[in-house]
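*Asks:* Build me a model from this:
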Amino acid sequence: MSHRLLIDTSWTLFLDRDGVINERLNNDYILQQNEFVFCEGALKALEKFSSRFKYVFVVTNQQCVGKGLIMQDDLNLIHQHMCEQISLSGCVISKVYVATELKEDPLSTRKPNPTMAIQAQKEFDGIDFSKSIMVGDTDSDIEFGQRLGMKTVLIESGEAILSSPDFRFASLHDFSLAI
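*Replies:* This next block holds a predicted model:
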């Protein structure tokens, strides 16, 4: 199937982390830096995104912090390592937004709640959600983008999906070939 997204450098890209940028651990959380492994082709894709988007954000649910499995500082070190490796590919992550609350927390900022994107819009000039793309591998990622009027891209990671994204790709790299 042929996909083509017509974008320019005024667009914003929101990326989920696990299953999109890095390999998802089966029924487990990434709790150590050595468990963080980039998906095949992800760094090459990110290199392309740096010249195509005004901003590139990571928006990730990490309730492992809320569960007490990892400290916030240790998660920050994993994200620092991720961003350093990405910057070596020529891409700068504008910011990593993390929701650390438990799913059942009534004040949760977790996707699909739009809180992380709204925070990005407050902190960075010129973010127009109608000129934004959310890339994820779960229903909550797709719903997050849809609630804000973004284009949505599903990366098929094996997660069971009920949502109807605008586009589907096998990998982040395959998506990068469509823009």
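
*Asks:* And the strands in this protein?
*Replies:* 12-15, 55-61, 95-99, 132-136, 151-155, 167-169 (DSSP state E).

*Asks:* want to throw the ones you listed into JSON lines with mean neighbour count?
*Replies:* For the C-beta atoms, the positions are set from N, CA and C on the backbone; glycine is no exception. JSON lines is the format used below for the strands of the chain (neighbours: other CB atoms under 10 Å):
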{"stretch": "strand 12-15", "mean neighbour count": "26"}
{"stretch": "strand 55-61", "mean neighbour count": "23"}
{"stretch": "strand 95-99", "mean neighbour count": "19"}
{"stretch": "strand 132-136", "mean neighbour count": "27"}
{"stretch": "strand 151-155", "mean neighbour count": "25"}
{"stretch": "strand 167-169", "mean neighbour count": "18"}
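
*Asks:* if we compare those strands, which one ends up closest to Leu75?
*Replies:* Nearest of the strands of the chain to Leu75, taken as CB to CB: strand 95-99 at 6.9 Å.

*Asks:* looking only at pLDDT, what's the mean for the helix ranked longest in the chain?
*Replies:* Longest helix in the chain, counting residues (DSSP state H): helix 72-88. For helix 72-88, mean pLDDT is 97.

*Asks:* If you count neighbours, what's buried in that helix?
*Replies:* Leu75, Ile78, His79, Met82, Cys83, Gln85, Ile86 (16 or more other CB atoms under 10 Å).

*Asks:* ok so, going back, switch the strands of the chain over to TSV; also include mean pLDDT and distance to Lys111.
*Replies:* Putting these into TSV (pLDDT from 0 to 100; distance: least, CB to CB, whole Å) gives the following:
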stretch	mean pLDDT	distance to Lys111
strand 12-15	98	10
strand 55-61	98	6
strand 95-99	98	7
strand 132-136	98	8
strand 151-155	97	12
strand 167-169	96	18
